[in-house]
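Just need the structure, nothing else, for what follows:
(one chain, ligands or ions: 1)
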Amino acid sequence: MSQIRLSRVGHSYGENVYALMPADLVFEHGKTYALLGPSGCGKTTMLNIISGLLQPSEGKVFFDDRDVTQIPTAQRNIAQVFQFPVVYQSKTVFENLAFPLQCRKWERSRIRPRVEQVAEMLGLTSRLGLAARALTADEKQLISLGRGLVRDDVASILMDEPLTVIDPQMKFELRRKIKQAHVHARQTVIYVTHDQNEAMSFADEILVMMDGRIVQRGTPEDLFERPANTYVGNFIGSPGMNFLPIRREAEKLTLGGLPLPYPPVRLPKGEITLGVRPENLSFTSDTDPDSFPTTILSIEDHGSVRILELALGDARARMKLPREKAVPPGNTTLAVRATRFCYYVNGELVVEPS
Ligand code: ATP
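I've put the predicted structure just below:
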């Protein structure tokens, strides 16, 4: 298990464009990280630099205090899980799991208990005698993971979209097992995904990427409650955060033409937007003094929740309302006092919810 440190690491594939902008980064040992972002943002480039499949065009990579920048993948003591399971189809599950230990010249008497321990951890005990080809895709992916976990010298486990080929029903189960295995093994895990639900439910910390840069690093709660910029607010959440334009009119802040209740004391110059999660909006009675008038424009039924489109003057917002909550008539009022608002100036967070 290792701390992984990138020192001014950046990469360009040849043209004068950075696929990964130079940056300093630390991944602490024993924690789980997700690299999250849309296609082409540089996730795989960063993972491949850490694994040694790619030499960065700038900077150095350290595992603890050891500079591994020039060291090939095979000597970095990492385990990798890719989109497609890498297994020896004709070998049994036991043989697949034992293989990395045989390569490291483990004694036979040590191999069996270790393989059985890892198989137990991954729920593969009943499969040990079967040929890998007889297994389902999610079980094969568990073997790929298990081949990393059996070794006791693994510095970290790197996963690149490991659930892509897994049936949607099995994803939850496989994710649970991967998490459980991490609780036992306490390896440093870096997990690449473009799926916010995978990242949020798996990682201690998420690094959201855009155009080769990390635009926010934080816990799932940080990304949800305090997006550092409007990009993260939009990217995280379904639907994403509402961003409502705020105007400065005669020293007052207005939203949709109406005075903004509880305006922040001081905001830097620039274009102001108020960010509020659709989940954090709620209705209140029209006698509530801490309210804001709104009109319901449309209602979308999503089964367990409804997504309402609201007019706040000339601004528009979406609200996520649990099914059991009643939808009031078209013209109604939004609760304001306890609502968790974020304020952005020129797209960057300047005031967090109190
Ligand atoms: P995806 O989820 O689609 O794999 P990603 O976030 O992992 O995307 P990368 O694969 O790291 O992104 O790609 C980052 C950028 O580098 C993209 O613009 C991509 O086109 C470019 N790129 C990736 N690999 C190469 C390569 N071998 N040669 C040239 N450009 C590349």
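
use CA for all of it now, contacts and neighbours both
Fine.

The residue nearest in space to the middle of the chain: what secondary structure?
Centrality entry for the chain: nearest residue to the mean C-alpha point is residue 199, 2.8 Å, by C-alpha atoms, centre = their mean. Assigned with DSSP: H, G, I helix; E, B strand; the rest coil, residue 199 falls in the helix class.

can you tell me which residues contact it?
Residues near residue 199 by C-alpha atoms under 8 Å, 6 or more residues apart in numbering: 34-36, 191, 193, 206.

Let me see the confidence value for the spatially closest residue to residue 96 that is not a sequence neighbour.
Using C-alpha to C-alpha, 6 or more residues apart in numbering and skipping residues adjacent in sequence, the residue nearest residue 96 is residue 88, 6.4 Å away. As predicted, residue 88 sits at a pLDDT of 95.

before we move on, what about residue 1?
At residue 1, pLDDT is 59.

circling back to that earlier point, does the residue nearest to residue 96 belong to a helix or a strand, and which?
Counting by DSSP states H and E, no helix or strand carries residue 88.

I'd like to know how far residue 349 sits from residue 316.
Distance from residue 349 to residue 316, counting by C-alpha to C-alpha, to the nearest Å: 20 Å.

Go through the contacts of residue 199 and name the one nearest the ligand.
Closest approach to the ligand among the contacts of residue 199 (C-alpha to the nearest ligand atom): residue 193, at 7.1 Å.

Now do the SS call for residue 317.
strand.

out of everything not next to it in sequence, what's closest to it?
Sequence neighbours aside, residue 310 is the residue nearest to residue 317 in space, at 5.2 Å (criterion: C-alpha to C-alpha, 6+ apart).

next one: residue 82
Of all residues not flanking residue 82 in the chain, residue 160 sits nearest, at 5.0 Å (C-alpha to C-alpha, 6+ apart).

hang on, residue 312 packs against residue 295?
Yes. Using C-alpha atoms under 8 Å, residue 312 is in contact with residue 295, at 7.0 Å.

close enough to count as contact, the residue nearest to residue 96 and residue 135?
No. The criterion here is C-alpha under 8 Å, and residue 88 misses it with residue 135 at 11.6 Å.

Who has more neighbours out of the two?
residue 88 (18 against 15; other C-alpha atoms under 10 Å).

Can you tell me the SS state at residue 34?
Assigned with three-state DSSP, residue 34 falls in the strand class.

That one: neighbouring residues, count only.
By the criterion of other C-alpha under 10 Å, residue 34 has 29 neighbours.

so it bridges to which residues?
With DSSP bridges applied, the residues forming beta bridges to residue 34 are residue 191, residue 206.

What segments of the stretch 101-250 of the chain are strands?
Ranges of strands in the stretch 101-250 of the chain, per DSSP state E, counting those that start in this stretch, are 156-160, 188-193, 205-210, 213-218, 242-249.

contacts for the last one?
Identification of contacts with strand 242-249 by C-alpha under 8 Å, 6+ apart yields 230, 234, 253-256, 271-278, 315-318.

try 10 Å this time
Residues from elsewhere that reach strand 242-249 (C-alpha atoms under 10 Å, 6 or more residues apart in numbering): 230, 233-234, 252-260, 271-278, 312, 314-319, 342-345, 347.

what touches both of residue 312 and residue 295?
333-334.

And the contacts of residue 199, which is closest to residue 74?
Nearest to residue 74, judged by C-alpha to C-alpha, of those is residue 191 at 19.4 Å.

Hmm, residue 179 and that closest one touching each other?
No. Using C-alpha atoms under 10 Å, residue 191 is not in contact with residue 179; the gap is 11.4 Å.

Compare neighbour counts for these two and give me the winner.
residue 191 (26 against 17).

Can you get me a residue count around residue 17?
Neighbourhood size, residue 17 [other C-alpha under 10 Å]: 11.

and it, what is it in contact with?
Contacts of residue 17 by C-alpha under 10 Å, 6+ apart are 11, 212.
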